[in-house]
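Q: Need coordinates for the following:
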Amino acid sequence: MEKEAYSRPMVIPFIVMVFVVMLISFVLKTNIYEPVLNISVGDTVSPEMFFPGFMTGNISYSVGETDAVSGDHKAVNEMSCDAGSSSAVFKYPGKRLLEFKLFGFIPLSNIVINVVDPVKVIPGGQSIGVMLHSKGVMVVGMSPVTDRAGKRINPAADAGIMVGDVILSIDGIMVKSDEQVKALVSLGKENTLTIVLKRGSNNIKVTVKPVICSETGSYRIGLYVRDGTAGVGTLSFYHTSSRCYGALGHVINDADTAMKIDMAEGKIVGASVKGIHPGRKGKPGEKVGMFNGSRDITGSIVKNTPFGIFGELDKPVVNPFYKEALPVAFSYQIKKGPAEIMTVLEDNRVEKYNIEIQEILSPPVRDGKGLIIKVTDKKLLQKSGGIIQGMSGSPIIQNGMLVGAVTHVIVNDPTRGYGVLAEWMLQEAGILHADVNQGTGIRQKAA
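A: Predicted coordinates:
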């Protein structure tokens with residue numbers, strides 16, 4: 001009986017521990033960590049990067065290679081890394097599979113490591129003018145038409161057209177501008193028009209009969225439309241060998257519908273800042289910018305993505321503080337603590353300002369929010385109140401590396417905001433190749 005009384009208390013904690021470990025294993029496998037982690041050649045990987053400290057002493061792991069196409073795994077080439085009891089140093093590029101186990105037999109997690117050569121870029125900070133033209137013409141509003149009988153009707157709404165739809169063609173003619181839509185409606189007069197719309201990923205065909213507006217004497221169908229957008233942002237980086245740049249750090253949405261602009265073409269040019277509207281709690285500030293037509297910065301826009309806009313510059317840019325390219329930090333290299341941003345507050349002069357990285361978000365957030373930052377620079381706080389619109393894309397530098405770019409201001413505290421990881425921007429630009437999980441954030445507005 002004494003032996004039974006002694007063993008029961010030992011068994012219960014063991015069962016509880018096994019249950020907890022199984023629960024942790026399930027959570028880890030279902031989304032806590034990135035399925036693919038970028039690692040620089042020559043850097044060390046250890047369990048401490050993925051698991052709580054109290055667990056790491058009992059964790060073992062094996063390293064295998066991952067076929068980038070099929071996803072099949074195989075034993076690692078002995079020459080590709082040095083694997084010890086607590087860490088591995090990867091010597092060559094390629095994908096590696098890390099299989100972690102607790103006590104040598106309880107599976108914890110499988111994590112794919114994307115081993116890449118270090119990447120260097122020229123940090124930005126320059127103000128840019130952004131001009132984006134959409135594929136087709138976006139419906140941004142509805143307006144009833146008063147016909148000759150005094151009746152208020154809306155032919156477009158009656159046909160099923162909705163705000164956010166994109167008009168692709170009218171009577172078989174592809175449309176590219178709001179003026180063209182107006183002309184085709186007028187040309188059709190009271191004849192029924194066949195309109196092809198894009199709604200989400202689907203194309204929809206509707207028929208609409210214009211009416212004469214008693215107020216203007218012209219044929220109308222009751223729509224407000226827009227064929228593009230323009231604004232001021234900040235250049236994040238320039239990659240010399242590919243001539244690729246990244247900017248803004250977030251997607252460009254239509255101002256009225258908040259929907260992503262499906263772009264047909266776009267370009268960036270140099271811009272200057274002529275004034276600042278400081279931010280305050282509940283009301284984000286903004287830069288008052290002007291396209292200056294400078295030939296110092298010109299380039300194409302080829303992608304509009306959750307991590308920013310990307311394209312090619314016509315010629316290289318020069319950073320006034322960093323004459324040489326800086327290495328791009330991966331997520332495991334970013335630390336909480338002091339950092340700096342580069343942006344323009346007056347004319348076209350790039351300046352440095354102190355910030356603090358308060359949080360490195362995990363799991364990673366797909367919509368461009370991987371860091372929480374706080375402005376600590378007294379000069380910047382005095383001039384702008386913190387993060388303001390137009391700062392989107394301002395590069396974040398820490399320990400001599402480009403770690404990210406400013407993306408959003410937290411509306412209720414303009415001294416704080418979000419940043420996107422630089423490695424995510426490089427992935428979107430095609431300079432790196434990896435996957436990231438999705439996630440959510442709190443109330444914010446694009447900077």
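Q: Only C-alpha atoms from now on, for both contacts and neighbour counts.
A: Noted.
Q: Would you list the phi and psi of Glu48?
A: With angles defined as degrees, to the nearest 10, Glu48 sits at phi -60, psi -20.
Q: do the same with Met55
A: phi -100, psi -30.
Q: Could I get the contacting residues of it?
A: Contact analysis of Met55 by CA atoms under 8 Å, 6 or more residues apart in numbering lists Leu102.
Q: Could you rerun that using 10 Å?
A: Going by CA atoms under 10 Å, 6 or more residues apart in numbering, Met55 touches 21, 47-48, 102-103.
Q: repeat for Asn58
A: The contact partners of Asn58, by CA under 10 Å, 6+ apart, come to 47, 101-104.
Q: Weed out the non-buried ones from those.
A: For the contacts of Asn58, a burial check counting by 16 or more other CA atoms under 10 Å picks out 47, 101-102.
Q: just to revisit the earlier point, could you export the contacts of Met55 as TSV, including distance to Val420 and pLDDT?
A: Listed next are the contacts of Met55 as TSV, based on distance: CA to CA, whole Å; pLDDT from 0 to 100:
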residue	distance to Val420	pLDDT
Val21	32	54
Pro47	25	77
Glu48	24	75
Leu102	33	78
Phe103	37	77
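Q: out of those, who's nearest Lys281?
A: Closest approach to Lys281 among these (CA to CA): Glu48, at 38.8 Å.
Q: Tell me, how many residues neighbour that closest one?
A: Glu48: 15 surrounding residues under other CA atoms under 10 Å.
Q: Distance-wise, check it relative to Phe54.
A: Going from Glu48 to Phe54 by CA to CA, to the nearest Å gives 10 Å.
Q: before we move on, what about Ser134?
A: The gap separating Ser134 from Phe54 is 53 Å, by CA to CA.
Q: And Gln382, by the same measure?
A: Taken as CA to CA, the span from Gln382 to Phe54 is 44 Å.
Q: what does Ile276 give?
A: 49 Å.
Q: So which bits of stretch 246-255 are buried?
A: Across stretch 246-255, burial judged by 16+ other CA under 10 Å covers 246-254.
Q: quick one: which of those residues is nearest to Ser60?
A: Nearest to Ser60 among those is Gly249, at 37.9 Å by CA to CA.
Q: can you pull the contacts of the closest one?
A: Contacts of Gly249 (CA under 10 Å, 6+ apart): 233-236, 304-310, 367-369, 391-395, 404-408, 419-422, 424-425, 446-447.
Q: Could you export the contacts of Met55 to TSV, including columns for secondary structure and distance to Pro210?
A: Formatted as TSV, the contacts of Met55 follow (DSSP: H, G, I helix; E, B strand; the rest coil; distance: CA to CA, whole Å):
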residue	secondary structure	distance to Pro210
Val21	helix	67
Pro47	helix	67
Glu48	helix	67
Leu102	strand	71
Phe103	coil	74
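Q: neighbours of the residue lying closest to Asp227 once chain neighbours are set aside, just the number please.
A: Of all residues not flanking Asp227 in the chain, Val137 sits nearest, at 4.6 Å (CA to CA, 6 or more residues apart in numbering). By the criterion of other CA under 10 Å, Val137 has 30 neighbours.
Q: same thing with Thr240?
A: As a burial measure, Thr240 scores 16 neighbours (other CA under 10 Å).
Q: give the contact list for it.
A: Here Thr240 is in contact with 120-122, 313, 315-317, 325 (CA under 10 Å, 6+ apart).
Q: Just the pLDDT for it.
A: Among the per-residue scores, Thr240 holds a pLDDT of 93.
Q: So Ile276 and Phe54 - more neighbours on which side?
A: Taking neighbours as other CA under 10 Å, Ile276 and Phe54 compare with Ile276 leading, 19 against 8.
Q: For the nearest residue to that one once chain neighbours are set aside, give me the pLDDT.
A: Spatially, and ignoring its direct neighbours in sequence, Ile276 is nearest to Lys287 (4.8 Å; CA to CA, 6+ apart). If you check Lys287, the pLDDT there is 92.
Q: wait, doesn't Lys287 sit right on Val344?
A: Yes - using CA atoms under 10 Å, Lys287 is in contact with Val344, at 9.1 Å.
Q: How are the strands of the stretch 201-350 of the chain distributed by residue range?
A: Using DSSP state E, counting those that start in this stretch, the strands of the stretch 201-350 of the chain run over 202-208, 211-212, 219-220, 223-239, 244-247, 263-277, 286-291, 298-300, 303-305, 308-312, 326-327, 337-346, 349-360.
Q: Next, the angle strand 308-312 makes with the longest one.
A: Which is strand 223-239. 70 degrees (axes from the mean of the first three to the mean of the last three CA atoms, to 10 degrees).
Q: Leu187: what secondary structure?
A: Following DSSP: H, G, I helix; E, B strand; the rest coil, Leu187 is assigned to helix.
Q: In contact with it, which residues are there?
A: By CA under 10 Å, 6+ apart, the contact set of Leu187 is 181, 219.
Q: The one 4 residues further on too?
A: When contacts are counted by CA under 10 Å, 6+ apart, Asn191 is found next to 185, 208-211.
Q: Which member of those residues is positioned nearest Met162?
A: Met162 lies nearest to Val208 out of these, by CA to CA, at 13.0 Å.
Q: you'd agree that closest one is up against Leu193?
A: Yes - contact criterion CA under 10 Å: Val208 and Leu193 qualify, at 5.1 Å.
Q: Looking at those two, which is more packed in?
A: Between Val208 and Leu193, counting by other CA under 10 Å, Val208 is the more crowded of the two (22 against 19).
Q: pLDDT score assigned to the more buried one?
A: Note on Val208: pLDDT of 94.
Q: And the one 10 residues further on, by the same measure?
A: For Ser218, the model assigns a pLDDT of 89.
Q: I figured Met263 hits Ser300, correct?
A: No - Met263 is beyond contact range of Ser300, at 11.9 Å (criterion: CA under 10 Å).
Q: any common contacting residues for these two?
A: Residues within reach of Met263 and of Ser300 at once, by CA under 10 Å, 6+ apart, are Leu132.
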